[in-house]
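>>> Quick one, fold the following:
(one chain, ligands or ions: 2)
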Amino acid sequence: MRSEEQKIVYLQDYKPSDYLIPKTEMWVDFSPERTQITTDLHIERRAGVEAGTPLELDGEQVELVSIAIGDDVLGAGQYELSENGLKLLDPPQSFVLSTVVEVAPEKNKSLEGLYRSSGNWCTQCEAEGFRRITYFIDRPDVMSVFTVKMVADKDLAPVLLSNGNPMDKGEMSNNRHFALWHDPHPKPCYLFAMVAGKLDKISEKFTTKSGKNVDLNIYAEPGKAELCRYAMDALVRSMKWDEERFGCEYDLDVFNIVAVSDFNAGAMENKGLNIFNDKYVLADPATATDQDYALIERIIAHEYFHNYTGNRVTCRDWFQLCLKEGLTVFRDQEFSSDERFRDVERIDDVKGLRQSQFVEDSGPLAHPPRPSQYEQIDNFYTSTVYEKGAEVVRMLMTLLGKQTFHEGVDLYLDRHDGEAATIEQFIKCFEDVSGRDLSQFQKWYTQAGRPRVSYSTSYAAEQKLFTLVLKQEVPPTPGDDEKSPLVLPIRFGLVSNNGEDLTWEHAEGAEVQDDLIVTNEDEVTVTFHGVSSAPVVSLFRGFSAPVTLDTKASLEEDLHRARLDSDPFNRWESLQSAIMNIVAPAMDVDGPELDIELLEPVAVALSQTLDSQNLSPAFKALCLKLPTYQDYTQRLGQNIDPDRIKTVRQKVSEVVADKLRGQLVTLYSTLHLPDDYQPNAEQSGMRDLRNQALSLLATLKEGQLFELVERHYREARNMTDRQAALAIMCANAPDRAVELLDDFKRNYTEAMTVYDKWLGLNASIDDAQTIDRIKRLMDDDRFSLETPNRVYALFGAFTQGNPTQFARADGAGFELIADVILQIDQFNPQVAGRFAVAFRIWKNYESKRREAARAALERIKQSEKISPNLSEMVNKTLG
Ligand code: ARG
Ligand code: ZN
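Ligands and ions are numbered 1, 2, ... in the order given. The predicted structure is shown next:
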C-alpha cells in the first residue's frame with residue numbers, strides 16, 4: 001500500500017483487458033478471526049490476444065492459501081505473487097482458476113474490502129476494494145455473473161446477504177447455516193457486496209409497471225429498524241419516479257438496503273444490495289432534522305437510480321466516473337425537484353455547487369469532470385465529478401429540450417445496456433437523437449475551470465433595439481493554460497418595468513430560441529429587434545450554465561430583478577449579488593469601511609420579499625440567508641482574512657436585522673406549524689423561515705433575544721427546531737451555548753446521529769477555547785477516529801463551519817487538522833485524503849495564514865509513511 005513512487009494512471013493508456021471473467025463462483029466462510037474465500041473464476045482470453053500473454057489479477061492484503069487450474073494445483077514457477085496481485089505466466093485460452101484466500105476483516109480499519117462494523121461483516125468495493133476480498137481483474141470493464149454461497153454461524157450472522165436474487169438457504173452442522181445468492185446481471189466487481197450479521201429489518205412490496213413483484217427490505221442494527229420507515233417511503237417513491245420519468249423498471253426479485261455505522265462514503269449502489277452509511281437512513285422527528293430527511297430521500301434515490309445509470313450501464317474505466325455520478329446526481333436532483341419545490345431545490349443545489357465545486361475549481365485541485373490522469377482514483381470522488389457532472393447533464397437538457405434529452409437518455413440506456421461505456425458514447429447518443437454537433441459541448445467534460453462571463457447592454461428607444469454583448473473567458477487552472485470557450489446555454493428574459501418579460505420580433509448575432517441564447521464564442525453581440533421599452537436583462541435563469549457571471553450590474557438593476565424577475569432563481573441571486581456588491585469591498589484587507597447606508601435599499605427589498613403573498617416560506621427562508629463566508633472568499637479570491645470577513649458579515653447581519661426587527665419578530669411569533677410533524681417540503685420551509693428569522697434576530701446579540709432562543713430550544717418538539725436553536729446560540733453567544741450543549745448532551749444524544757450533531761455544534765463555536773474544546777471532545781468516550789461519521793461531524797464542522805478558528809493566524813487550527821489527518825492516515829487513507837481538501841484554499845489566505853497553512857502541509861508531506869492517497873492530495877495542494 002505504501003510505496004515510494006507514485007504511479008500515475010493516464011486515460012490515453014486505456015487498453016481492454018486481455019482476459020475476461022464471464023462467470024464467478026464464490027464460497028465465503030465467515031468466522032470471527034478470519035474469513036475464507038474460495039473463488040472459481042471462469043476465465044477466457046479475449047479474441048485476438050496472443051497465446052502466452054500473462055494474466056495479471058489484482059489482490060491486496062489477501063493471503064493465498066491455494067491456487068489451482070481445474071484439478072491441477074499450481075506450484076511455484078507457474079505464478080508470481082506480489083503485494084499487488086498474482087500473475088499467471090502462461091495461462092490457457094479458457095479455464096477455471098480456483099483460489100482459496102483468507103482475509104482478516106476484524107483488523108480492517110480502512111473500511112475498504114471486507115470489514116466489520118458493530119460486529120457485522122460488510123463490504124465496500126468501489127473503486128478498488130474487491131481486490132482486498134479475492135484475486136480478480138479489478139476494473140469496471142471486466143464484468144462477470146456472480147454466484148455467492150455464504151456460510152456463517154447462525155447466532156453470529158443470522159442474516160446473510162449478497163447481490164441479486166436469493167436462490168437457496170439451509171442449515172449446516174456446528175450451528176452453521178448458508179445462503180446462496182445469484183445475480184443474473186453481469187457486473188464489474190466494484191458492484192459486488194456481502195453483508196453478514198445480526199440485523200433487524202422492515203419490509204415492503206413493490207409492483208413494477210409491468211406487474212413484477214419486488215420484495216423491499218431495509219436492514220439496520222438491532223433495535224433501529226423502525227427508524228428506516230422514511231427511507232423505505234423514499235425508496236418506493238424513487239422506484240415509481242424512475243419508471244415514470246425515465247422509464248426505468250427494477251430488474252430483480254428483491255431490493256435490499258443495509259445501514260451500517262462505519263462507512264467512508266455516503267452510500268454504495270451494489271447491485272440489489274445497497275449499503276448505506278446509517279446517517280443517511282435512520283430518522284425520526286426526535287433525532288433527525290428536516291435537512292436530514294431531505295438528504296436521506298436524496299441519497300436513497302441516488303443509489304437506487306444507479307441501478308440503471310451505473311449498474312446496467314457502467315463505466316469503461318475510472319476516468320469515466322462522472323458518466324455514472326454526474327448523471328445520477330442530475331437524476332436525484334430532478335427527483336427532489338419533482339417531489340419538493342423545484343425552485344428552492346435549484347437554489348439549494350447551486351449554493352452547494354458554489355460552496356464546494358467552485359472552491360475546488362478555483363484552487364490547486366481543479367480538474368475536469370472527466371480527468372485524464374490520476375494517482376489514486378479514490379481521491380476523485382469530488383464535487384467536480386459529482387456536482388459539476390450533474391450541471392453538464394442539465395445543460396444538455398437545456399440545450400436540447402426536455403423531450404429530446406429524454407430520447408437521448410433512452411437511447412443511451414438501450415444502446416449500452418450491459419456495457420461499460422464512455423463519455424464519448426454518452427454524448428454520441430444525444431448527437432444521434434438531436435442531429436446536433438456536440439463536439440464543442442463535450443469540452444465541458446474535459447476542461448477544468450469555469451467561464452467567467454461578463455456582459456453589457458444598450459437600448460435604442462427609437463429603433464426599439466436592445467443590444468446585449470456577452471464575453472466569456474476561461475481562466476487557466478494549474479497545469480492547463482490553454483482554454484477553449486465553451487458552449488453556453490443561457491436562459492434569459494428581458495424584464496420590463498413592471499416585471500413582465502418583454503417580447504421581441506427577431507434576434508440576430510447568436511442562436512436565440514424562445515428564452516434560450518446559445519453561444520460558444522469568446523465574444524458575441526446579440527441584437528433584439530422590436531423591444532418596446534428598455535429592459536433589465538436577466539441572464540442564466542435557473543443557473544442554466546455553471547459559470548461565474550461578473551455582475552457589474554448597478555444596484556438598481558439587481559434590485560429590479562430581486563423584486564420583479566419572473567425567474568425565482570435570479571430573484572434570489574440578484575438579492576445576494578446586491579448584498580455582495582455592497583459588502584465585499586469592505587472585506588478586502590486594504591478595503592474601505594462598510595457603508596451601512598448602502599444596505600438600506602437591500603433591507604427594503606428583503607422586507608418586501610418577506611411580505612409577499614406569492615412567495616413560499618421556503619423561498620423567503622433562502623432569501624433571509626445572507627451570503628456565506630465561502631461566498632465572500634470566492635468573491636475576494638486572495639488575501640483572505642477570515643476575521644475581517646467575520647466582522648463585516650456580523651455587521652451586515654446586525655444592520656439588516658435591526659431594520660427588519662419588527663417583521664422578524666412577528667414572523668417568528670405568528671408562523672404556526674401543524675402539531676403533527678411532517679418532514680415534507682411545505683412544513684420544512686415554514687420551520688426554516690421561522691428559524692431563519694430567529695437566527696437573523698439573534699445576531700443583534702441582545703439578552704432578551706437569547707431568552708427567546710433558549711425558549712425555542714426548550715420548547716422544541718422536533719430536532720429541526722432544537723438544533724436550530726443550538727446553532728443560533730453557538731454562533732452568537734458561546735457561553736450560553738456551552739450550557740445548552742451540556743443539557744443537550746445529557747438529554748438527547750443517545751442516538752449516535754444526535755451525538756454527532758452535538759460534536760459538530762461544539763466544533764462550530766468560535767471563541768478562545770475552540771482548539772482545547774475540540775481536543776477534549778476527541779477524548780470523549782464515544783468519540784473515535786476510526787468511525788468516519790465521528791470524524792466528519794467534529795472536524796467537518798470545524799474546518800467548514802468555523803473558518804476563523806480553523807484558519808487562525810497562529811496556525812493552531814491547521815496544526816490540529818494536520819495531526820488528525822496523519823493519525824487517520826495510518827489506518828484509513830481514503831478519509832485522510834478527503835480531509836486534506838480542508839487546505840485547498842491555503843494560497844488564498846493573507847500571508848501569515850498562508851505561511852502557517854504551508855507549514856502544516858509541509859509537515860504532512862515530510863512525515864514518514866504517508867499513504868499514496870494522502871500524498872497525492874498534499875502534493876497537489878502544495879502545487
Ligand atoms: N458510488 C458511490 C455513490 O456515489 C460512492 C462510492 C464512494 N467510493 C469512494 N471510494 N469514495 O453513491
Ligand atoms: Zn453515486
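>>> Please, which helix or strand holds Val151?
Assignment of secondary structure by DSSP states H and E places Val151 within strand 143-153.
>>> contacting residues around that strand?
Residues outside strand 143-153 that contact it (Cβ atoms under 8 Å, 6 or more residues apart in numbering) are 21-31, 41, 160-164, 167, 172, 175-189, 192, 194, 196, 314, 418, 420. For glycine as for every other residue, the C-beta is placed from the backbone atoms N, C-alpha and C.
>>> ChimeraX command for the buried members of those residues?
Buried residues among the contacts of strand 143-153 (16 or more other Cβ atoms under 10 Å), as a ChimeraX selection:
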select :21,23,24,25,26,27,28,29,30,41,160,161,162,163,164,176,177,178,179,180,181,182,183,185,186,187,188,189,192,194,196,314,420
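>>> Write out the residues of this protein neighbouring ligand 2.
Within the chain, the positions lying close to ligand 2 (Cβ under 5 Å from the ion) are 325, 328.
>>> Spell out which residues of the chain are next to ligand 1.
Those residues of the chain that sit near ligand 1, judged by Cβ under 6 Å from any ligand atom, are 126-127, 265, 267-269, 302-303, 325, 378, 381, 830.
>>> cutoff 8 Å now
Applying Cβ under 8 Å from any ligand atom, we find that the chain lies next to ligand 1 at 112, 124, 126-127, 129, 264-269, 299, 302-303, 306, 310, 324-325, 328, 377-378, 381, 386, 830, 834.
>>> Please flag which of those residues sit within helices.
Using DSSP state H, the subset of these located in helices is 299, 302-303, 324-325, 328, 830, 834.
>>> now the residue of the stretch 1-150 of the chain at minimum distance from ligand 1, nearest residue through space, not along the chain?
Per Cβ to the nearest ligand atom, the residue of the stretch 1-150 of the chain with the smallest distance to ligand 1 is Glu126, at 4.5 Å. Nearest-residue entry for Glu126: Tyr190, 4.2 Å, with adjacent residues in sequence omitted and distances by Cβ to Cβ, 6 or more residues apart in numbering.
>>> Let's see the pLDDT reported for that neighbour.
We have a pLDDT of 99 for Tyr190.
>>> circling back to that earlier point, counting only strands, which of the contacts of strand 143-153 make the cut?
Secondary structure of the contacts of strand 143-153 is defined by DSSP state E; positions in strands are 21-30, 41, 160-162, 167, 176-188, 194, 196, 314, 420.
>>> Distance of the residue of the chain positioned farthest from its centre relative to Gly703?
Going by Cα atoms, centre = their mean, the residue of the chain most distant from its centre is Glu462, 51.2 Å out. Taking Cβ to Cβ, to the nearest Å as the measure, Glu462 falls 62 Å from Gly703.
>>> and if you look at Gly813?
Gly813 sits 30 Å away from Gly703 when distances are taken as Cβ to Cβ.
>>> of these two, who's got more company?
Counting neighbours by other Cβ atoms under 10 Å for Gly813 and for Gly703 shows that Gly813 has the greater number, 27 against 9.
>>> Over to that one. Which of the three states is it?
helix (DSSP: H, G, I helix; E, B strand; the rest coil).
>>> wait, what's in contact with it?
Applying Cβ under 8 Å, 6+ apart, one finds that Gly813 lies in contact with 770-771, 798, 805-807.
>>> Which ones among these lie within helices?
Per DSSP H, the contacts of Gly813 map to helices at 770-771, 798, 805-806.
>>> Find the helix or strand that Ala562 is a member of.
In this structure, Ala562 is located in helix 555-564 according to DSSP H and E.
>>> And for Ala855, the neighbour number?
If you count neighbours by other Cβ under 10 Å, Ala855 ends up with 13.
>>> Please go through this protein and pick out the longest helix.
With residue count as the measure and DSSP H as the assignment, the chain has helix 642-670 as its longest helix.
>>> can you tell me which residues contact Glu864?
Contacts for Glu864 were tallied using Cβ under 8 Å, 6+ apart; there are none.
>>> Tell me the pLDDT of it.
Reported pLDDT at Glu864 in the predicted model: 92.
>>> distance of it from ligand 1?
Counting by Cβ to the nearest ligand atom, to the nearest Å, the gap between Glu864 and ligand 1 amounts to 25 Å.
>>> so can I have JSON lines of the ones in helices among the residues of the chain next to ligand 1 showing distance to Leu97 and neighbour count?
Output for those, formatted as JSON lines (distance: Cβ to Cβ, whole Å; neighbours: other Cβ atoms under 10 Å):
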{"residue": "Ile299", "distance to Leu97": "37", "neighbour count": "21"}
{"residue": "His302", "distance to Leu97": "36", "neighbour count": "26"}
{"residue": "Glu303", "distance to Leu97": "32", "neighbour count": "24"}
{"residue": "Lys324", "distance to Leu97": "29", "neighbour count": "24"}
{"residue": "Glu325", "distance to Leu97": "32", "neighbour count": "24"}
{"residue": "Thr328", "distance to Leu97": "34", "neighbour count": "26"}
{"residue": "Gln830", "distance to Leu97": "29", "neighbour count": "25"}
{"residue": "Arg834", "distance to Leu97": "35", "neighbour count": "25"}
